[in-house]
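S.K.: Build me a model:
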Amino acid sequence: MLSYILLDKKFLILLFIINFLGTIYGYYWYGSQLASTPAIFIPFVPDSPTASLFFTIFLLFFIFGKNIPYIEALAIVSLFKYGMWAVVMNLLTMAVTGSLNAAGYMLIASHLGMAIQGLLYAPFYKIKLRHLTVAGIVVLHNEIIDYVFGQMPIYSTLTTYMNEIGYFTFWLSVLSILLAYYLTIYRKERKA
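M.R.: Alright, predicted model coming up:
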């Protein structure tokens, strides 16, 4: 039943439109941070919209029956990583401040959806180890840009915890890579 829904053309087109619009909104959301970001770091700052861009590209090709494994690997790893990262950061904000505004709840819901959708399409990805290796290098490189060069998403209430957040984010990246490996490469090798 779930596979039927996930493969339905109308559902895929709807999912594509939602992700396309969400990606545009995500880049808009980062507008003020991007305005003060040195040009060399701009591609590394809007993490979540770039993750949803990868998935949007995957959906566009998938609708037409084509696979693009490098984009698929980037999508599954980054959607899970940045989706869960935003959920945890907003819950941490609520723990630190004692409350969360409506935008914070919207971010939790939308980013949890990001993480889940990337995993739901895992059976349809054509990822091999080389594709996942590239995706892993990209997300781990992004940790260096974020936490060594100070380009991470701005959560003003959490700035005191940047070292701990950087440490958590590194291990979340590792978990995301391993989860992508398990759901795509490992499972398919076991079935063969």
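
S.K.: Does residue 180 lie in a helix or a strand, and which?
M.R.: Using DSSP states H and E, residue 180 falls within helix 162-181.

S.K.: Likewise for residue 76?
M.R.: Assigned by DSSP H and E, residue 76 falls in helix 69-97.

S.K.: and that helix, how far out from the chain's middle?
M.R.: Centroid displacement of helix 69-97 relative to its chain, using CA atoms, centre = their mean, to the nearest Å, is 5 Å.

S.K.: List the buried residues in the helix or strand following it.
M.R.: Counting by DSSP H and E, the element after helix 69-97 in chain order, helix or strand, is helix 102-120. The neighbour-count check on helix 102-120 (16 or more other CB atoms under 10 Å) flags 104, 107, 108, 110, 111, 113, 114, 115, 117, 118, 120 as buried. Every residue, glycine included, has its C-beta placed from N, CA and C.

S.K.: Nearest spatial neighbour of the most centrally placed residue in the chain, chain-adjacent residues omitted?
M.R.: Centroid-nearest residue in the chain, with CA atoms, centre = their mean: residue 79, separated by 2.3 Å. Distance criterion CB to CB, 6 or more residues apart in numbering; nearest residue to residue 79, sequence neighbours excluded, is residue 118 at 3.2 Å.

S.K.: Tell me how far that neighbour lies from residue 14.
M.R.: 17 Å (CB to CB, to the nearest Å).

S.K.: How many residues are close by residue 37?
M.R.: The local packing of residue 37 (other CB atoms under 10 Å) involves 16 other residues.

S.K.: can you pull the contacts of it?
M.R.: 45, 151 (CB atoms under 8 Å, 6 or more residues apart in numbering).

S.K.: Lovely, talk soon.
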